[in-house]
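Visitor: below is the structure, and that's it, no one-letter string:
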């Protein structure tokens, strides 16, 4: 392996390991990283852990055996990254975690480890604000005129750090805006569209009819779109203004933007995969060259020497065209 400080861009090899290529957001992220590798002129290799921590550990060992200069990893289990860190540390290979944030004590074990993610708190606040604006502009959305918002919520993975933070911040934004909330149902759909369809069907049953639901909150766009599929079976959000439930998601994926353009969901929050990929690749390349990781070298603000948090952006019907690609 090239020692730190002697690697040139054309010699650098970056290994990416993602917990699952099925994740739509991480597909965007992988494509963005591929583009960033091309921009930097480095070699880039990707592997799918297929939701297996054991497989991920083995794939990382294989990357190390093939002399990669840095690793970018979305861990299968963010609370079980000790082995990944130890393997990278023994080989003195820089390690950049993405999307799934390991607990601080793990990152503190290795000087050459970092985390790149979104401003999760900000994402939740924006999502809640989108709903609050909708209810202010549509008082008729309080269908039973009880002064409360009857909502259901689709959450991400229980173990994922973003799930709790986004949920709390979304609800706080609504209550801070003066809305009294009444949760009808909520459950984990693990970021997945078709799990969300099933969960939403259950929510409708528990609410004793889709007409009793006044808002749908989803921790990501895939689940928001799954909820949309479920209520469309009941002829909701299909063009009849009398049969509409506001839905908000997070990620800003293409299918969600299309749904916004058709007024099927009211908004989403851009989880900026492209900017996060630029930050992660910059760290991996600069660390491979033996350079210090600071704002001057990578062009991004670093918090506590370990963290880069990329701001999120509000997307509604008013501005969705700016985000179409």
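Guide: Perfect, thanks for sending it. The structure displayed is predicted, hence computed values, not measured ones.
Visitor: point out where the protein drops to low pLDDT.
Guide: Applying pLDDT under 70 to the chain picks out residues 1-8.
Visitor: can you pull out the helices in it?
Guide: If DSSP state H is used as the criterion, the helices of the chain fall at 24-40, 53-65, 82-91, 104-107, 120-137, 161-176, 193-206, 221-232, 254-261, 273-288, 295-298.
Visitor: so which of those gets nearest residue 17?
Guide: The minimum distance between residue 17 and the helices of the chain falls on helix 53-65, with 5.4 Å, by CB to CB. From N, CA and C alone the C-beta is placed, and that goes for glycine too.
Visitor: and stretch 58-68, how far from the chain's centre?
Guide: Distance of stretch 58-68 from the chain centroid (CA atoms, centre = their mean, to the nearest Å) equals 26 Å.
Visitor: again but with stretch 100-115, I slipped
Guide: Its chain's C-alpha centre and that of stretch 100-115 lie 19 Å apart, by CA atoms, centre = their mean.
Visitor: ditto for stretch 108-125
Guide: 12 Å.
Visitor: for stretch 253-270, same thing?
Guide: 16 Å.
Visitor: quick one: contacts of it?
Guide: Contacts with stretch 253-270, where a contact means CB atoms under 8 Å, 6 or more residues apart in numbering, come from 24-25, 28, 123, 126-127, 130-131, 134, 221-222, 224-225, 228, 237-238, 246-252, 312-317, 320-321, 323-325.
Visitor: which of the residues in it are buried?
Guide: Of all the residues in stretch 253-270, those buried under the rule 16 or more other CB atoms under 10 Å are 253, 255-257, 259-260, 264-270.
Visitor: hang on, the earlier thing: now the helices of the chain as TSV including distance to residue 97?
Guide: Shown next, in TSV, are the helices of the chain (distance: least, CB to CB, whole Å):
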stretch	distance to residue 97
helix 24-40	12
helix 53-65	12
helix 82-91	9
helix 104-107	8
helix 120-137	14
helix 161-176	11
helix 193-206	25
helix 221-232	22
helix 254-261	26
helix 273-288	9
helix 295-298	15
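Visitor: of the contacts of stretch 253-270, grab the buried ones for PyMOL.
Guide: In PyMOL, this line selects whichever of the contacts of stretch 253-270 come out buried by 16+ other CB under 10 Å:
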select buried, resi 24+25+28+123+126+127+130+131+134+221+222+224+225+228+237+246+247+248+249+250+251+252+312+313+314+315+320+323
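Visitor: what separation do you get for residue 239 and residue 187?
Guide: 28 Å (CB to CB, to the nearest Å).
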